[in-house]
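A.B. asks: Model the following, please.
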Amino acid sequence: MQSGTMVFSQMNRVIFGKPAAASIVAESERLGAKRVFVLSGQTLNRRTSEVAKVKAALGERFGGVFDHMPAHSPRDAVVACANAAREAGCDLLVTIGGGSVTDGGKAVTICLEHDIRDMDGLEPFRAVVNNGKRDVPNFRAPKVRQVAVPTTLSAGEFNARAGITEPRLRLKQSFMHAAIVPESVILDPAITVHTPEWLWLSSGVRAVDHAVETYLSLDANDYTDGTSLQALRALGKGLARVRDEPGDLDARLQCMIGAWLSMVGIVTGTRLGASHAIGHILGGSAGVAHGHTSCVMLPYVLDYNMSVTGPRQAEIAAAMGEPGMRASDVLDRLIRSLGMPRTLREVKVAKSDLPRLANYCMLDDWTFSNPRKITSPVQIMEILRSAW
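C.D. replies: Sure thing, here's the model as predicted:
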């Protein structure tokens, strides 16, 4: 008999298919915000009119904008944004951008609540993994909440976990609290047309990875099975449609809904596996783009886990429209059709760096919840060598 516990987040609502600027104003009014500070992607702020539209719509509520959040949300950028938001009197944080902007915003709310003004101030708030067990510090919930407007499909806006890189160690670390999940999420496909094609499509593969590893999880159950398979159906169709017609807003929204569905398991406590664990390390420690980590690793991890999850993998292939095919081959074909990289060499990971990366993977708790048990860097090296 299945058993488990589903833990739901403190997100209040998801608004989809409506213009971002008007929705931000409506949320500001609902929450009684007086000074709305925007954390935005730099290109979105400086080369498009999207942030200007938000500023105009907010009027006197607009408190300022910070647009320097590099990939993988480094601590120094998080603190710099928090200091600017604090100076502006921020009582609501709006993030407009990809996963690094979204996760950076979550950590900014921690900094605002606990008066963190330098990188070392974040240290007591990070989760630590020892021997596969995650220790999450208990700290006061942020009062300044976040409204997230995502422009990619990595879907971190639905998660009460922020991946923040310690730049001095070149290591991505986790910060977790139920109240750092955004208060609300606004899914506006129109704002995503500015997202570079490679970033949109690769982050879509990241969402596919969420759904695949949820479906194959040690914690899989009927509830998350349904959302995972539907996510794969939506993403498989939607990504191909956007590739062929980038201006198709219905297809973009289909992808965004698929990405949302892909997070249901993660948000409710489902543990993932080696593709995500390795991906965290490739991002923070080797500078690989977030979506590219899944483009490279997911099919190889599926092959590694085949002896344990073979029958379940067959259902993944069927959901992707290829019944009877090996799931890793289905995903390999999809990823290549989107023009994404498929080896570590293609994303500039040196073979000599693999041992360091394998050792770092033992600091990620999802290494230890991989369906085929992993107990040492030796097994991680087996996967990395196959991907190189």
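
A.B. asks: roughly how far apart are residue 128 and residue 176?
C.D. replies: 11 Å (C-beta to C-beta, to the nearest Å). All C-beta spots, glycine's among them, are computed from the backbone N, C-alpha and C.

A.B. asks: okay, the two: which has more neighbours?
C.D. replies: The neighbour comparison of residue 128 against residue 176 (other C-beta atoms under 10 Å) goes to residue 176, with 18 against 13.

A.B. asks: Report the beta-bridge partners for that one.
C.D. replies: Following DSSP bridges, residue 176 is listed with bridge partners residue 161.

A.B. asks: Tell me which residues touch it, please.
C.D. replies: Shown in contact with residue 176 (C-beta atoms under 8 Å, 6 or more residues apart in numbering): 127, 136, 160, 161, 162.

A.B. asks: can you give me the strands for the stretch 151-300 of the chain?
C.D. replies: With DSSP state E, counting those that start in this stretch as the criterion, the stretch 151-300 of the chain has strands at 161-166, 171-176, 184-187.

A.B. asks: Of all those strands, which one is nearest residue 147?
C.D. replies: Closest of these to residue 147 is strand 184-187, at 5.2 Å (criterion: C-beta to C-beta).

A.B. asks: any idea how far residue 256 is from residue 221?
C.D. replies: Per C-beta to C-beta, residue 256 is found 25 Å from residue 221.

A.B. asks: With neighbour numbers in mind, choose between the two.
C.D. replies: residue 256 (28 against 15).

A.B. asks: quick one: the more buried one and residue 191 touch, right?
C.D. replies: No: the pair residue 256 / residue 191 is not scored as a contact, 10.6 Å apart, by C-beta atoms under 8 Å.

A.B. asks: Please give me every residue in contact with the residue most central in space within the chain.
C.D. replies: Geometric centre of the chain, nearest residue: residue 156, 3.4 Å, by C-alpha atoms, centre = their mean. When contacts are counted by C-beta under 8 Å, 6+ apart, residue 156 touches 99, 102, 103, 162, 163.

A.B. asks: got the contact list for the third one?
C.D. replies: Spelled out, it's residue 103. Residue 103 neighbours (C-beta under 8 Å, 6+ apart): 73, 156, 162, 163, 164.

A.B. asks: and it, what helix or strand is that in?
C.D. replies: Taking DSSP states H and E as the criterion, residue 103 maps to helix 99-114.

A.B. asks: Doesn't residue 134 belong to a helix?
C.D. replies: No: counting by DSSP: H, G, I helix; E, B strand; the rest coil, residue 134 is located in no helix; its state is strand.

A.B. asks: Next, count neighbours for the closest residue to it other than its chain neighbours.
C.D. replies: Among residues not flanking residue 134 along the chain, residue 365 sits closest, at 4.5 Å (C-beta to C-beta, 6 or more residues apart in numbering). Neighbours of residue 365 under the rule other C-beta under 10 Å: 20.

A.B. asks: Now for residue 365: which residues touch it?
C.D. replies: Residue 365 makes contacts with 129, 132, 133, 134, 271, 277, as judged by C-beta under 8 Å, 6+ apart.

A.B. asks: Run a quick neighbour tally on the third one.
C.D. replies: Think residue 133. As a burial measure, residue 133 scores 9 neighbours (other C-beta under 10 Å).

A.B. asks: With residue 142 instead?
C.D. replies: Counted with other C-beta under 10 Å, residues neighbouring residue 142 total 20.

A.B. asks: these two touch, right, it and residue 107?
C.D. replies: No: counting by C-beta under 8 Å, residue 142 stays clear of residue 107, with 9.9 Å between them.

A.B. asks: Could you name every residue contacting both of those two?
C.D. replies: Residues touching both residue 142 and residue 107 by C-beta under 8 Å, 6+ apart: residue 180.

A.B. asks: As a check, name the ranges of all helices in the stretch 51-200 of the chain.
C.D. replies: Assigned by DSSP state H, counting those that start in this stretch, the helices in the stretch 51-200 of the chain fall at 75-87, 99-114, 197-215.

A.B. asks: Where do the strands of the stretch 1-150 of the chain begin and end?
C.D. replies: Listed in chain order, the strands found in the stretch 1-150 of the chain under DSSP E, counting those that start in this stretch are 13-16, 36-40, 62-66, 92-97, 128-130, 133-135, 145-150.

A.B. asks: Using a markdown table, lay out the ones you listed together with mean pLDDT.
C.D. replies: Formatted as a markdown table, the strands of the stretch 1-150 of the chain follow (pLDDT from 0 to 100):
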| stretch | mean pLDDT |
| --- | --- |
| strand 13-16 | 97 |
| strand 36-40 | 98 |
| strand 62-66 | 98 |
| strand 92-97 | 98 |
| strand 128-130 | 86 |
| strand 133-135 | 85 |
| strand 145-150 | 98 |
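
A.B. asks: Among the contacts of residue 365, filter down to the buried ones and hand me the ChimeraX syntax, if you would.
C.D. replies: Entered in ChimeraX, the line below selects the buried ones among the contacts of residue 365, by 16 or more other C-beta atoms under 10 Å:
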select :129,271,277
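
A.B. asks: re the thing from before, with mean pLDDT added, can I get the strands of the stretch 151-300 of the chain in CSV?
C.D. replies: Shown next, in CSV, are the strands of the stretch 151-300 of the chain (pLDDT from 0 to 100):
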stretch, mean pLDDT
strand 161-166, 95
strand 171-176, 92
strand 184-187, 98
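
A.B. asks: Out of these, flag the one nearest residue 234.
C.D. replies: Comparing these by their distance to residue 234 (C-beta to C-beta), the top pick is strand 184-187, with 12.8 Å.
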